[in-house]
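> Please work out how this folds:
(2 chains)
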Number of protein chains: 2
Amino acid sequence: MNTEYIGLGLAWASGIIALLYSATIAKKILSLSSGTLEMQRIAQAIQEGAQAYLKRQFLTISFVGVILAVMLYGSLGSHVSLGFILGAILSGVSGYAGMSVSVRANVRTTEAARSGLAQGLAVAFQAGAITGFLVVGLGLLGVVSIFTFLTIMEGTERFLLETLIAFGFGASLISIFSRVAGGIFTKGADVGADLVGKIEQGIPEDDPRNPAVIADNVGDNVGDCAGMSADIFETYVVTLVAALQIAFLTVNTSRELMIYPMVVSGVCMLGCILGTFSVRLGKKKNVMNALYKGLGTSIVLSIVGLVYVTWMFFGFDQILYDKVTGLSLVLSGTVGMVSTAILVWITEFYTSTSHRPVQQIARASVTGAATNVICGLAVSMEACFFPAVVVCSGILCAYTCAGLFGIALAGSSMLALGGIIIAIDAYGPVTDNAGGIAEMAGLPPEVREVTDALDAVGNTTKAVTKGYAIGSAALASLILFSAYTQELKHFFPNLSIDFSLNNPFLMTGLFLGGAVPYVFSSMSMKAVGKAGAAIVVEVRRQFSEIRGIMDGSQTPEYGKAVDILTKFSLKAMILPSLLPVVLPLGVYSVIASGFGQIQAFSALGGVLMGTMITGLFLAISMTSGGGAWDNAKKYIEAGHFGGKGSSAHQAAVVGDTVGDPYKDTAGPALNPFIKIVNLVALMLLAFL
Amino acid sequence: MNTEYIGLGLAWASGIIALLYSATIAKKILSLSSGTLEMQRIAQAIQEGAQAYLKRQFLTISFVGVILAVMLYGSLGSHVSLGFILGAILSGVSGYAGMSVSVRANVRTTEAARSGLAQGLAVAFQAGAITGFLVVGLGLLGVVSIFTFLTIMEGTERFLLETLIAFGFGASLISIFSRVAGGIFTKGADVGADLVGKIEQGIPEDDPRNPAVIADNVGDNVGDCAGMSADIFETYVVTLVAALQIAFLTVNTSRELMIYPMVVSGVCMLGCILGTFSVRLGKKKNVMNALYKGLGTSIVLSIVGLVYVTWMFFGFDQILYDKVTGLSLVLSGTVGMVSTAILVWITEFYTSTSHRPVQQIARASVTGAATNVICGLAVSMEACFFPAVVVCSGILCAYTCAGLFGIALAGSSMLALGGIIIAIDAYGPVTDNAGGIAEMAGLPPEVREVTDALDAVGNTTKAVTKGYAIGSAALASLILFSAYTQELKHFFPNLSIDFSLNNPFLMTGLFLGGAVPYVFSSMSMKAVGKAGAAIVVEVRRQFSEIRGIMDGSQTPEYGKAVDILTKFSLKAMILPSLLPVVLPLGVYSVIASGFGQIQAFSALGGVLMGTMITGLFLAISMTSGGGAWDNAKKYIEAGHFGGKGSSAHQAAVVGDTVGDPYKDTAGPALNPFIKIVNLVALMLLAFL
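Sure thing, here's the model as predicted:
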């Protein structure tokens, strides 16, 4: 009992420290100068657009959320409903906070960039760290507080797990809504602004004469910041909950093993906080290396922390269950963190300008847009292989060390690095915005050069986070799938359900489940296409009706584009976001009514696995491919194959635009998608 | 015993009738006029190029084939080696014959098109029918002759099945080589010819001034005809073998059930031969409807035949095994044929110009190449859903009727329609070539209009066949997977192998197996890109060095482009084609050496299923998406959204080019890919 208290205390403390750390840097960043009046005016416009959008997004989501909360209350009880609400609120707060920081840090980064690269990097990265540690801090505290509260109330473990699953479900639901809607907004703006601005009117990116330019910058914040924060919050929480659940379902010897993943998350969080201090520009002024130094240090410190708390909790030799000792647990956790490092490296290989794949796409642009797209698609497919190998090796190693709980632990250790990973990612949109502000405020080109240098690695870091999120999603949903089979045994001890692959019902589920990520991606990509087209029409209208835009004598109506996108993306997000909720319920009811419950449970199992397999590959190929296309354009802009304005550059712009909905709308939204399907299946069991 | 003889006799007779029918029309077609001297000269060039290519292709393949045959001889005995050789040879013959017919029928179609649409349709369709019934006739006779021969030799059933599996493997291997190499050739030529000819020089398609124009027409024959024929031959044979195998492994009451699928195939073949006579242009001159009339009649007659032979063999009431009667078998078979009809209808919906998806892509072209590609990708993803639903419903219905054997029967009934389906498909490249010849020979525009009208539905029919092939592949590989699990029980009765989804080794297999179709597609798409780039360089060289090309005073060196493509595609086909052979062997040996044989068998099972799931969806999305892109271009060319030469048309050309390697290289080659993985796994078991 004593270790339990210490463990919970440690987890509480780590969560609180993360929030305090986040608040401290936030105060520091906000006290920085926000530049000239012009800069402030532009930043203000972006800020207002983003806030207005997010308010309406939350209003729409809460409408759906309230209906679901009432349904959960009616079917599964108040604890599930409350857990769901808490998860949804915290996920919303994470997103909102991420966005709020970002819209304030952007202009301060521009200002800092006037003093140099190191200064710009410091502000942008610290802004990312605010979001990062807020998200993981809230995630950990959410789980720990439910755990503590229900322990005090003397709730059963099952009661606790149901609440936690609902908590995860709430987080996932907000996450998929934010990802889809934010993704449609940001890419609709991007596609629309580029098509008319760059291609038709021939004005540069972020030119203040483009009526969609503010919408584009708003998009970076609501998509890449708010969406991403909600996404990682969800991933963090669900992975942790899955680990707790598997500890209870398969091991179930003591509560210590349930508390242990929270403690590991806490101590790694502290390691990552320390790791942020090693992000410093070296002599070679390589921004990516500076960020990697931070990640590397965080991983090393986290492993040290993992070893220490495991030793403190269990020692290394004592057998905890089966043949698993403390040392086995340490190894499983290490597997997760090492996998993270390898996944990061692979994604970097496929998406950074210094390696073969991006350069190949750039070379293919010389013969036109078609060969650029063909090559990009080929790279996006190729990019699936090695991550799959890493995930598989991770699964096998962790399983060999400590069974299913080992896999769960590997997953939660991966996510325990979330703080620093988000910091590295959220840094991207901040610098992207900073560049936009520099351009619009007419600052000298040196400033834009600094922000461009910072932004260049942003595409890679964004792809890296997505690869990491989807890699961890594979582990989390594997755990949730095991939980599904365990729960079936618990709730229906008399049914013998056949999960073997030659059961035709399971096959049916596999095929149907496999098809739905495609439908989902198709829907969200089409929405981006339509949003982009709507923006094209609006921008063309403004250019033709407001005659003074091109010579700068009249200001475009920025708000109109923001408005159109807000309405469109909120309308378009509903249907795809509800797909993962409806799918398992639908398949279960159809098969159950036609062939009986046993077959329906098999089919549902197939659905979970099918969704996971095709979802995983689609997500990896989309996020890597999109990043590679984007950087192929940047590589050409850096002067290769004819440089800016060449026909190769024009071809690369097409590829970049194709990659936009791939990497920022459909791809990352598949991460919560996969998990929602699993969580809904688990709740369905509890209901039945 | 009596029924057995009658059944075998019927199957023999049907196969021979199909070959005779094919020979009769061939004689008729060859006796037709082949037009002006100029037309004959062009046709001759295409013919020579195609023959030279195919000779070299077979030389290369026989090199690999001989090595494999020797290895099979050493490891599994002479019967396996001979079966493999027979399968490979017949598959090669099918491909060669298909190509030979097509290169002779093209010019005769041009000549017939001078008299009108109905005449052109008749020649092109009959040319397709020659190939169609030759392929299915050879397929059925191959299986039946092995069966008869080994029955006379009094070989055991196991001996028989091993030979048949090897026969299927031989067919599949030739098929994947032909599909990959032919696909790279045809699309390399197409992409290269379009990029320089249409875009850089602004000359129309099939213009004789384009140095790659003969290569492009050769490509249609070696890719769409030879490749497709080998592909369907493989699908036909493997599905039939799988049905025989499942009859033996799961039912095993009498040989009658093993003979039954062959009889059904035979009688349906006769139904399809009769069906070809109903292909006639109606009053509305709708080419697609004429073809569908033929397909519809064939399906109805085949069902009648199915009912009759089942009644003759088993009656309707007698219980054959479990609760299955003759009637249940009739229903399972009907499920297969009805599924074919629905799959055809769905593919038509996604790829024909008269429906929403293609028109959507055309509309998206107005805002540029990027939105065209985004919309095309979205459509390609959407196109996966309903085929998956049809396959799943088919599986469940057939299984409910007659268990696993019901699924096998549904699959072989689907394929039993192969004759008419190939006829409808092979018609496409013939008309494509006919149009090319009309253009190059400078025939009056009316002729080109007729061939264009014929060719317009060619894109849809090509997509339809591919959808059909891949749909049946899902059923076939499901059967092969069951065979794998049954064989494991047979060969290793003491091992209890866990095929349930929460086994981490199976999961590992699933992920790895799922990743490999992506790698395969990536390789083949890149090869197309490279081949296209090589052609671009060559065509540019000829335009700059041979000054008289553009004014028509000098003839381009057509042979050079054919030569470059031949060499390149034969080199590029080896590695991807061997992937499905190496994958199962590799995964098995790695896992077996690290974790033991039981785990390796689970992992191998996962590989089979993973390959099937992602392979299925990739193939459907690629073939449908590619067809839709192609027809979106045609829709614009028909005068919508600005028509030919508009900016929408240019954007649509980019989409079409992107779709080329999708629909003609990577997508269709996944069909043999999936099956080779399964067949290799089965042979691995026999070896172990």
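> any chance you could map the strands in chain A?
For chain A, the strands defined by DSSP state E cover A:319-321, A:324-325.
> With respect to burial, which of the ones you listed scores highest?
strand A:324-325 (a mean of 20; mean count of other CB atoms under 10 Å in any protein chain shown). C-betas here are computed from N, CA, C, even on glycine.
> quick one: contacts of it?
Outside of strand A:324-325, the residues within contact range by CB atoms under 8 Å, 6 or more residues apart in numbering or on different chains are A:Phe314, A:Phe316, A:Asp317, A:Gln318, A:Ile319, A:Cys401, A:Ala402, A:Gly403, A:Phe405, A:Gly406.
> related to what we said a few turns ago, which among the strands of chain A is found nearest to A:Ala23?
Proximity to A:Ala23 (CB to CB) singles out strand A:319-321 among the strands of chain A, at 37.5 Å.
> mean confidence for that closest one?
The average of the pLDDT scores along strand A:319-321 is 79.
> what's the distance between A:Thr485 and chain B?
Distance, A:Thr485 to chain B, using CB to the nearest CB, to the nearest Å: 5 Å.
> quick one: pLDDT of that residue?
pLDDT at A:Thr485 comes out at 83.
> That one contacts A:Gly605, doesn't it?
Yes. A:Thr485 is within contact range of A:Gly605, at 7.0 Å (criterion: CB atoms under 8 Å).
> who touches the spatially closest residue to A:His640 that is not a sequence neighbour in this structure?
What sits nearest to A:His640 in space, not counting adjacent residues and going by CB to CB, 6 or more residues apart in numbering or on different chains, is A:Ala362, at 6.0 Å. Residues in contact with A:Ala362 (CB under 8 Å, 6+ apart) are A:Ala632, A:Tyr635, A:Ile636, A:His640, A:Phe641, A:Ala648, A:Ala652.
> just A:Pro576 next, same as before
By CB under 8 Å, 6+ apart, the neighbours of A:Pro576 are A:Val180, A:Phe520, A:Met523, A:Ser524, A:Ala527, A:Ala669.
> How many residues are close by the fourth one?
Applying other CB atoms under 10 Å in any protein chain shown, we find 30 residues neighbouring A:Ser524.
> Enumerate every residue touching it.
A:Ser524 sits in contact with A:Val180, A:Gly183, A:Ile184, A:Ala572, A:Pro576, A:Pro661, A:Thr665, A:Ala666, A:Ala669, where contact means CB under 8 Å, 6+ apart.
> Turn the residues you listed into TSV, columns for pLDDT.
Compiled in TSV, those are given as follows (pLDDT from 0 to 100):
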residue	pLDDT
A:Val180	88
A:Gly183	89
A:Ile184	91
A:Ala572	88
A:Pro576	89
A:Pro661	89
A:Thr665	87
A:Ala666	88
A:Ala669	87
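> which of the residues you listed count as buried?
A:Val180, A:Gly183, A:Ile184, A:Ala572, A:Pro576, A:Pro661, A:Thr665, A:Ala666, A:Ala669 (16 or more other CB atoms under 10 Å in any protein chain shown).
> how about low-confidence regions in the stretch 501-650 of chain A?
Applying pLDDT under 70 to the stretch 501-650 of chain A flags no residue at all.
> Likewise for chain A?
Ranges of chain A meeting pLDDT under 70: A:1, A:251-254.
> Those residues of the stretch 251-400 of chain A touching chain B, which are they?
Neighbours of chain B within the stretch 251-400 of chain A, by CB under 8 Å from any CB of the partner chain: A:364, A:367-371, A:373-375, A:377-379, A:381-382, A:384-385, A:388-389, A:391-392, A:395-396, A:399-400.
> hang on, the earlier thing: out of the contacts of A:Ser524, list just those in helices.
Judged by DSSP state H, helices contain the following of the contacts of A:Ser524: A:Val180, A:Gly183, A:Ile184, A:Ala572, A:Pro576, A:Pro661, A:Ala669.
> Would you state the helices of the stretch 451-600 of chain A in chain order?
With DSSP state H, counting those that start in this stretch as the criterion, the stretch 451-600 of chain A has helices at A:504-545, A:558-595, A:597-637.
> I'd like those helices laid out as JSON lines, including distance to B:Ser91.
Shown next, in JSON lines, are the helices of the stretch 451-600 of chain A (distance: least, CB to CB, whole Å):
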{"stretch": "helix A:504-545", "distance to B:Ser91": "28"}
{"stretch": "helix A:558-595", "distance to B:Ser91": "39"}
{"stretch": "helix A:597-637", "distance to B:Ser91": "30"}
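> So which of those helices is the most surrounded?
helix A:597-637 (a mean of 28).
> That one vs chain B: in contact?
Yes. Judged by CB under 8 Å from any CB, helix A:597-637 and chain B are in contact via A:Gly605, A:Gly606, A:Met609, A:Gly610, A:Ile613, A:Thr614, A:Leu616, A:Phe617, A:Ser621.
> now that helix against helix B:504-545, angle please.
In terms of direction (axes from the mean of the first three to the mean of the last three CA atoms, to 10 degrees), helix A:597-637 departs from helix B:504-545 by 40 degrees.
> Just the angle for helix A:597-637 relative to helix A:558-595, thanks.
Using the same axes, to 10 degrees: helix A:597-637 against helix A:558-595 is 150 degrees.
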